[in-house]
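Visitor: Output the structure for:
(chains A and B)
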Amino acid sequence: MIRLIAHRGAVLLASAMAGSIVVFLLLRLLGGDVATVIMGQGGTPEAREALRAELGLDRSWLEQYLSWIGGLFRGDLGQSYAAQYDIFDEIMSRLGLTLSLALISLAVSMVLGIIAGTYSALNSRNARGGLVDVIAQLGIAIPPFWVGLLLISFVSVQMGWLPSGGYVPWTESFTGAVRSLFLPLTALSIALAGVFTRFARSSMLDVLNEDYIRTAMAKGRTWRRAAVRHGVRNAAIPLVTVGTLQLGGLLAGTVVIETVFTLPGLGRMLMAAVTGREALVVQSLAFVIILVILVLNFLMDVAYGLLDPRIRDAEGATRE
Amino acid sequence: MSSRWPTQLVVGTVLIGLFVGIGLMSLVWTPHDAEALNVAARLAPPGTEGHLLGTDRLGRDVTTQIMVGARNSLVVAVVSTAAALVPGVFLGLVTAGSKRASREVLSRATDVALALPGILVALVLATAMGASNTTTMVAITAWFIPVMARVVIGPARQIMAREFVEAARASGRGKWYILIRHVLPNIGPVVIVQTSLLFASAILIEAALSYLGVGAQRPTTSWGMLFNESQAVVGEAPTLVLIPGVVMVLAVLGFNLLGDGLRAALDPRQTTKAVV
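Guide: This is a model prediction of the structure:
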């Protein structure tokens, strides 16, 4: 187990470093001169030079990169030039909302997917199972932001049941938070639940052929009870892998959904920085989002090892 | 090959045919001028004389906007998928054909690249290059390359372990000869299936980016843009969001169904697995 954690931890560190370098280089190579972007063509050469010095852009790339990464550990990423906020504090204050959206929708869609997928597998020979499959297929094709807009239109504006945007923090009011996050979470979970349903179905169909299901039936359980008691737990294990592959898409979906529902998370901050072409803010934000994906990935890999001893003990703990 | 086509393939092909059809038709004919504003006729409901699907908040004809938007989605999907195809398959083959240590490194690098969401790549690029259709296509391509490689690596390694590859190696064929002549033709089905799924994905990412305002800009028309522009009036005119969305979902569904149908048709093992 320790070996698995060490191996995954090393991969996490290497990936995080690679990610930070890619983000840094992309913005340096393609970004043009940040001072010119900020000041427009209007600034004098002296003023641009002064701004460059103020932002630390007159130093070598290596120095800039090291001071950026160092700042990340010290909690100092500098100031946003246009909006005058402290970048690190702003990220920290918005992280909770984005994590809530991502983690809750991941959990909800996984549970929904396992239930619907199991139902579909147990009814694979009749129309009800086929119907679940068709609904899942449709769900995957539906983009979260479109569902979000429809929910705003029908549930918020026409029915007036739930707010169409804005966020009440968990610490302020639990019901307020649930009310403000219910529609965004619904929008995010539909497509993801579709993905999990399809994988849970095929995973369950495999498990139903296993010997232990036959053994359980020989001991007098009905096929259905044997499948639910012994099958679901085993069929759920591969879903952890499917989950790790969905993390990137989930975080991307969260960025978009925050814009749809005007939620003050990392996504909205990123959009504002992209529109204002604030390379320094985008650099830090993009890296934090990548870091969230990588850390969640790491945690799910470790969970996978805990769930399945065969993975834990495998030599070098590689996953094929 | 069975004489009867599976339902998935038929439905998928029909949906894709409609999507490509309206996109191509917009090149020669649209009901109205795509950019013609008519504020007097703004927010006409569907079924209005002369505007089958109504007009948006600036009085532009919705049918026309959907047709021209389909063309843009088609261009973005074709260009970015085609651009990612060769480098992606190449990267996958190289990884599968490498020795253990370098294979592990390449494979991990692919996984890391995969973990970066396409939309995030696009946002970073948009900060650097500005928002445009080109930014969208570059970002989607950059994201599709590791996806394609990832899909190719597994099957390519399985083929590498087969007897006929062993025989080719024993008769003195080099690594590249084996990869191109023996492995590539055998992973064809996987690549074809994945191409179809990538098309679906490209349509969704393009729409999300232009909804966020970092994709195509007017006067180009894109589906995502239609949602962005209609969000303010979604309460009074929900069909402005509903109708283009349904068209988009059907196009995406078409490519997903085609991919699934092809997988079932081209890979018999998958079929038996699904049936049992």
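Visitor: measure the residue in the stretch 101-250 of chain A that chain B sits nearest to to B:Val233 for me?
Guide: Going by CB to the nearest CB, chain B is nearest to A:Val157 of the stretch 101-250 of chain A, at 3.5 Å. Where C-beta positions appear, they are placed from N, C-alpha and C, glycine not excepted. As judged by CB to CB, to the nearest Å, A:Val157 and B:Val233 stand 10 Å apart.
Visitor: Next: A:Val295.
Guide: Here A:Val295 is placed at a distance of 41 Å from B:Val233 (CB to CB).
Visitor: Could you give the backbone dihedrals for A:Gly113?
Guide: phi -60, psi -40 (degrees, to the nearest 10).
Visitor: Model confidence score at the nearest residue to it once chain neighbours are set aside, please.
Guide: With sequence-adjacent residues excluded and distances taken as CB to CB, 6 or more residues apart in numbering or on different chains, A:Gly113 is closest to A:Phe196, at 2.4 Å. We have a pLDDT of 92 for A:Phe196.
Visitor: Now name the helix or strand holding A:Phe196.
Guide: Element membership for A:Phe196, per DSSP states H and E: helix A:174-207.
Visitor: by contact count, what packs against that helix?
Guide: With contacts defined as 3 or more CB pairs under 8 Å, 6 or more residues apart in numbering or on different chains; DSSP states H and E, the packing partners of helix A:174-207 are helix A:87-122, helix A:127-141, helix A:144-151, helix A:232-260, helix B:268-275.
Visitor: if we go to 7 Å?
Guide: Based on contacts counted as 3 or more CB pairs under 7 Å, 6 or more residues apart in numbering or on different chains; DSSP states H and E, the elements that helix A:174-207 packs against are helix A:87-122, helix A:127-141, helix A:144-151, helix A:232-260.
Visitor: Residue 85: neighbour count?
Guide: Defaulting to chain A. Here the neighbour count serves as a burial measure; for A:Tyr85 (other CB atoms under 10 Å in any protein chain shown) it reads 14.
Visitor: wait, I meant chain B there
Guide: B:Leu85: 18 surrounding residues under other CB under 10 Å.
Visitor: try A:Met110
Guide: Using other CB under 10 Å, A:Met110 is surrounded by 22 other residues.
Visitor: That one contacts A:Thr244, correct?
Guide: No: checked against CB atoms under 7 Å, the pair A:Met110 and A:Thr244 is beyond contact range at 11.7 Å.
Visitor: residues in contact with B:Ala200?
Guide: Listed by CB atoms under 7 Å, 6 or more residues apart in numbering or on different chains, the contact set of B:Ala200 reads B:Val252, B:Phe255, B:Asn256.
Visitor: So it versus B:Arg263, what's the distance?
Guide: According to CB to CB, B:Ala200 and B:Arg263 sit 13 Å apart.
Visitor: Find the nearest non-adjacent residue to B:Arg157, please.
Guide: With CB to CB, 6+ apart as the criterion, B:Arg157 has its nearest non-adjacent residue at 4.8 Å, and that residue is B:Ala96.
Visitor: re the thing from before, contacting residues around the helix or strand just after the helix holding A:Phe196?
Guide: If you walk from helix A:174-207 toward the C-terminus, the next helix or strand you reach (DSSP H and E) is helix A:211-218. Contact partners of helix A:211-218, identified using CB under 7 Å, 6+ apart, comprise A:Trp223, A:Ala226, A:Ala227, A:Arg229, A:His230, A:Gly231.
Visitor: Just the buried positions in the following helix or strand past helix A:211-218, please.
Guide: Using DSSP H and E, the next helix or strand after helix A:211-218 towards the C-terminus is helix A:223-226. Judged by neighbour count (16 or more other CB atoms under 10 Å in any protein chain shown), helix A:223-226 contains these buried residues: A:Ala226.
Visitor: Export helix A:223-226 to PDB, keeping only CA atoms.
Guide: Extracted as PDB, the C-alpha positions of helix A:223-226 are listed here (Å, rounded to 0.1, in the frame of the first residue of the first chain):
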ATOM      1  CA  TRP A 223     -30.400 -14.400  -9.300                       C
ATOM      2  CA  ARG A 224     -31.500 -10.800  -8.700                       C
ATOM      3  CA  ARG A 225     -30.500 -10.900  -5.000                       C
ATOM      4  CA  ALA A 226     -27.200 -12.500  -5.700                       C
END
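Visitor: give me every residue that touches the spatially most central residue of chain B.
Guide: Nearest to the mean C-alpha position of chain B, by CA atoms, centre = their mean, lies B:Phe199 at 1.8 Å. Residues in contact with B:Phe199, defined by CB under 7 Å, 6+ apart, are B:Ala77, B:Thr81, B:Phe255.
Visitor: Sitting in helices, which of those residues do you find?
Guide: Secondary structure of these is defined by DSSP state H; positions in helices are B:Ala77, B:Thr81, B:Phe255.
Visitor: of the residues you listed, closest to B:Ala207?
Guide: When the ones in helices among the contacts of B:Phe199 are ranked by distance to B:Ala207 (CB to CB), B:Ala77 comes first, at 10.7 Å.
Visitor: check contacts around the closest one.
Guide: Taking CB under 7 Å, 6+ apart, one finds B:Phe199, B:Ala202, B:Ile203 in contact with B:Ala77.
Visitor: burial measure for the residue found closest to it once you drop the neighbours it is linked to in the chain, as a count.
Guide: Sequence neighbours aside, B:Ala202 is the residue nearest to B:Ala77 in space, at 4.0 Å (criterion: CB to CB, 6+ apart). For B:Ala202, the neighbour count with other CB under 10 Å is 28.
Visitor: Now do the phi/psi pair for B:Thr48.
Guide: As for B:Thr48, its main-chain torsions (degrees, to the nearest 10) stand at phi -70, psi 140.
Visitor: hang on, it packs against B:Asp61?
Guide: No: taking CB under 7 Å as the definition, B:Thr48 is not a contact partner of B:Asp61, at 9.8 Å.
Visitor: okay, these two: which has more neighbours?
Guide: Neighbour comparison, B:Thr48 and B:Asp61: the larger count goes to B:Asp61, with 25 against 15 (by other CB under 10 Å).
Visitor: okay, that one: pLDDT?
Guide: The predicted structure scores B:Asp61 at 85 on the pLDDT scale.
Visitor: Surely it and B:Pro31 touch.
Guide: Yes: B:Asp61 lies in contact with B:Pro31 (CB under 7 Å); the separation is 5.7 Å.
Visitor: about what we covered before: count residues in the vicinity of the residue nearest to B:Arg157, would you?
Guide: A count of neighbours around B:Ala96, defined by other CB under 10 Å, yields 23.
Visitor: likewise the one 3 residues further on?
Guide: Applying the criterion other CB under 10 Å, we find 7 residues in the vicinity of B:Lys99.
Visitor: Can you pull the phi/psi pair for it?
Guide: phi -70, psi 170.
Visitor: Could you do the one 3 residues further on as well?
Guide: The phi/psi pair for B:Ser102 (degrees, to the nearest 10) reads phi -70, psi -30.
Visitor: Which residue, neighbours along the chain excluded, lies closest to A:Val260?
Guide: A:Val260's closest residue in space is A:Gly148 (CB to CB, 6+ apart), at 4.0 Å.
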